[in-house]
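Engineer: Quick one, structure for this:
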Amino acid sequence: MAGYQLEFRRNDHPMDNREHEELALLGHVPAAHIVDLTDLGIVVESTARDNLERVATQVPPPSMSQSFLAPVDGVKNKRCQEWTMDVVYISGAGSGIGRASALQFVADGARKLAIVDIVSGGLQQSTALIKERSSHVDLLSIVADLSKEEEVHRVFAEIQQRFGRLDVAVNCAGITGTYLPIEQLSSADLDKVLNVNLRSLWLCEKAQIEQFMRQEERPVITGLGTKTRGSIVNIASMLGTITMPHASPYVMSKHGVVGLTKTDALDYANRGIRVNAICPGFIQTNLLDSTGWEALAPLCAATPMNRLGTAEEVAFVVTFLASDRASFMTGSVVLADGGYTVK
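Structural biologist: Residues are numbered from 1 along each chain as shown. Predicted structure coming up:
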């Protein structure tokens, strides 16, 4: 019997089954009734339409900030199960895209997370937000400077000790550095950006792939017959594909991230490891918080969508690329820039 998975969210977080809410959505499926309710979603299955209308009339659906509809086999909620057994690592998780990605993984059902940031205060805030969203997450929070090789070794040793494996790695840590013409920059300005944005990512990706290679392949959850050892998503930048005045260290670092992504994707494509990159445009994160909105107006005007993107919009792309649903994607460089680079 054909079925569908329907997930409702209120105020950007999944509803808990302890609320005992029965929900149905008319118009998206020809006929349905609720057969299972979890804290991450609802599974519905085909049945007589009058049953659906009766349920929906008695308990109208709430306002939804987001809803997702995806096919499943019978009544098995694959979306809710997708991340349940996986161990997800996210760097730069104390703010911005890293924090938004962590929260989105939790919303999608992740139950084992390792989050890392160099700023303890931001990491504590992210930890609190994750625990607020779900009490079922086994969360490992680590303060570390990933530009130091010994710190990278410590982080992944802790992950191995806590969880025994790694399935998904999202490398978000990064800085903008100093924007000046090259004759006004020092080698220290260059080293600072390259150490954080490129060298540390290389060290982390090396550790991640080493861990993946120690693991046995597992079948993908989509039932397509392929297997995986792990998936890496690197946060680059649209400046990894184009350039901008006075930004040579940053542009160099992000072009390097794109190059590293493609190289490792090629080297490990037949070993069950996927490596992809996302190139965000101008995103409303803490990297832009220090800039007044008047200064940001030209950035918005230069973007065809005429606005800044949000960290949450990038996080949706992150979780898709990391998932088994993107099982034929590796070496991809996905732009999320509001159309900036198509001009």
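
Engineer: Could you give the number of residues near the residue nearest to Leu308 when sequence neighbours are not counted?
Structural biologist: Nearest-residue entry for Leu308: Gln284, 4.4 Å, with adjacent residues in sequence omitted and distances by Cβ to Cβ, 6 or more residues apart in numbering. No exception for glycine: its C-beta is placed from N, CA and C like everyone else's. Look at Gln284: counted by other Cβ atoms under 10 Å, it has 16 neighbours.

Engineer: Equivalent analysis for Val170, please.
Structural biologist: When neighbours are defined as other Cβ under 10 Å, Val170 has 28 of them.

Engineer: That one bridge partners, please.
Structural biologist: Counting by DSSP bridges, Val170 forms beta bridges with Ile90, Val233.

Engineer: My understanding was that the residue nearest to Leu308 contacts Glu313; is that so?
Structural biologist: No: checked against Cβ atoms under 8 Å, the pair Gln284 and Glu313 is beyond contact range at 9.7 Å.

Engineer: For the residue nearest to Leu308, list each beta-bridge partner.
Structural biologist: Under the criterion used (DSSP bridges), Gln284 bridges to Thr310.

Engineer: Where is the longest helix in the chain?
Structural biologist: In the chain, with assignment by DSSP state H, the single longest helix is helix 248-268.

Engineer: Specify the angle between the helix or strand following that one and helix 248-268 in degrees.
Structural biologist: If you walk from helix 248-268 toward the C-terminus, the next helix or strand you reach (DSSP states H and E) is strand 273-280. If you take axes from the mean of the first three to the mean of the last three Cα atoms, to 10 degrees, strand 273-280 sits at 150 degrees to helix 248-268.

Engineer: Which elements pack onto strand 273-280?
Structural biologist: helix 200-213, strand 230-235, helix 248-268, helix 311-322, strand 333-336 (3 or more Cβ pairs under 8 Å, 6 or more residues apart in numbering; DSSP states H and E).

Engineer: how about 7 Å then?
Structural biologist: strand 230-235, helix 248-268, helix 311-322, strand 333-336 (3 or more Cβ pairs under 7 Å, 6 or more residues apart in numbering; DSSP states H and E).

Engineer: ok, and which of these has the densest surroundings?
Structural biologist: Stretch with highest mean neighbour count among the helices and strands packed on strand 273-280: strand 230-235 (a mean of 27; mean count of other Cβ atoms under 10 Å).

Engineer: and that one, how far out from the chain's middle?
Structural biologist: 9 Å (Cα atoms, centre = their mean, to the nearest Å).

Engineer: quick revisit: how much does the longest helix of the chain deviate in direction from helix 200-213?
Structural biologist: In terms of direction (the same axes, to 10 degrees), helix 248-268 departs from helix 200-213 by 20 degrees.

Engineer: Burial check on Ala128, number of neighbours?
Structural biologist: Neighbour tally, Ala128, other Cβ under 10 Å: 10.

Engineer: and what of the one 4 residues further on?
Structural biologist: Each residue near Glu132 was counted by other Cβ under 10 Å, and the total is 11.
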